[in-house]
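>>> please work out how this folds:
(one chain, ligands or ions: 2)
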Amino acid sequence: MGPDDIISSLRIGARMGRVLAERIPLHCICGVREKERHGRTVLFADIAVDYDIIQCLADDKIENAVDYSALASTAMAFTERTQFYLLEKLADSLVSHLLASFPRALSLGLRLQKNPAGWGNTSFSCSLSGRRSLAILGLGSNLGDRGRALEEATERLAAIRHCRLLRSSSLHRTAPLLRTDQPEFFNEALLIETLLSPMELLAEMQSIERAMGRLRGERYGPRPIDIDLLLFEGFVSSSAALTVPHPGLRLRRFWIEELADLGLILPPASGAILRQRCEQIRKCKNFTKE
Ligand code: ADP
Ligand code: MG
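Residues are numbered from 1 along each chain as shown. Ligands and ions are numbered 1, 2, ... in the order given. All right, here's what the predicted structure looks like:
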């Protein structure tokens, strides 16, 4: 766990295990050549699933394990009812379907292999993996019915495909930070689990902001809803489109308190980060006076 992957500490106590199912025959229509479009061919799948085995070790029950025969039959049933041109596309859809069907799976690796007619013993394969990640979202509202806006945003976030709401923090009322000439904020943080990539999740968050009347206008100005990505498991980025961990994370007291509600204690900010933040606040205050 790196210093910026603090969110992984929520998984402490896990004992990771792996089940591996090999050479599962999948009967499907997949391929770009004319003869591959007319009938089912057989592909072979190797599937590896990583999950926390602590519970199945404790009670020795299949309900708390990832059942590898169910894994194989789910993959077989899925490929029988779908058709694709590309092996990559089939592999990606199958990874998503299996992760969605086996909520205990934290990550899943898949290798699909085909032996096309006319190639003798030569085989081709495609490998893909996917994972279930924890993420923390910070919600804020300071326009209209602020309590209702947080509730609605939470409902909409919980309904995103491939996202599951795990915990919510208590609600915090906070004075506006950078531009003080605006109403008080209602803030809340959510812990979710998602199969989406960080950019896919950001796009979903922004589409909820738009659906709830957020106009991209003045930065730090009043808004009916603001949804920020504070942390994403195993992911660090400093691009303008997505900076994670969120640069304000260790500097806003309400976020520190909301994260503590979710079970996450952040280490204190370094002096350099604090100096940078003071400078930002100073510039912003000058801007408000002008
Ligand atoms: P703010 O939340 O700082 O008031 P906005 O909500 O208007 O600002 O977001 C401005 C831009 O910040 C977005 O277009 C988005 O691409 C970018 N951004 C960068 N990092 C993040 C993050 N961690 N969470 C949300 N948006 C981010
Ligand atoms: Mg924002």
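
>>> residues from this protein in reach of ligand 2?
The chain comes close to ligand 2 at residues Asp226, Asp228, as judged by CB under 5 Å from the ion. Any C-beta I mention is one placed from the backbone N, CA and C, and that applies to glycine too.

>>> per-domain residue ranges of the chain.
As recorded under automatic domain parsing, the domains making up the chain are 12-131, 133-282.

>>> and Gln55, helix, strand or coil?
helix (DSSP: H, G, I helix; E, B strand; the rest coil).

>>> what is the longest strand along the chain packed up against?
Using DSSP state E, we find that the single longest strand of the chain is strand 16-30. Judged by 3 or more CB pairs under 8 Å, 6 or more residues apart in numbering; DSSP states H and E, the packing partners of strand 16-30 are helix 34-38, strand 41-52, helix 68-80, strand 83-84, helix 87-101, strand 105-114.

>>> can you rerun that using 7 Å?
strand 41-52, helix 68-80, strand 83-84, helix 87-101 (3 or more CB pairs under 7 Å, 6 or more residues apart in numbering; DSSP states H and E).

>>> so which of the ones you listed is nearest Gly213?
Nearest to Gly213 among the helices and strands packed on strand 16-30 is helix 87-101 (31.0 Å), distances taken as CB to CB.

>>> make TSV out of the domains of the chain and add distance to Asp5, mean pLDDT and mean neighbour count.
TSV is the format used below for these (distance: least, CB to CB, whole Å; pLDDT from 0 to 100; neighbours: other CB atoms under 10 Å):
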stretch	distance to Asp5	mean pLDDT	mean neighbour count
domain 12-131	13	93	15
domain 133-282	6	89	17
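
>>> tell me which of these sits nearest to Ile6.
That would be domain 133-282 among the domains of the chain, by CB to CB, at 6.4 Å.

>>> any bit of that closest one sitting next to ligand 1?
Yes - judged by CB under 6 Å from any ligand atom, domain 133-282 and ligand 1 are in contact via Arg219, Tyr220, Asp226, Asp228, Leu229, Ala241, Leu242, Thr243, Val244, His246.

>>> ok, which pair from those is furthest apart?
Tyr220 and Val244 (19.4 Å).

>>> one step back: can you lay out the domains of the chain as CSV showing distance to Ile6?
Putting the domains of the chain into CSV (distance: least, CB to CB, whole Å) gives the following:
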stretch, distance to Ile6
domain 12-131, 11
domain 133-282, 6
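
>>> host element of Arg179?
Assessed by DSSP states H and E, Arg179 sits outside every helix and strand.

>>> wait, doesn't it sit right on Gly221?
Yes - with contact defined as CB atoms under 7 Å, Arg179 reaches Gly221; the gap is 6.3 Å.
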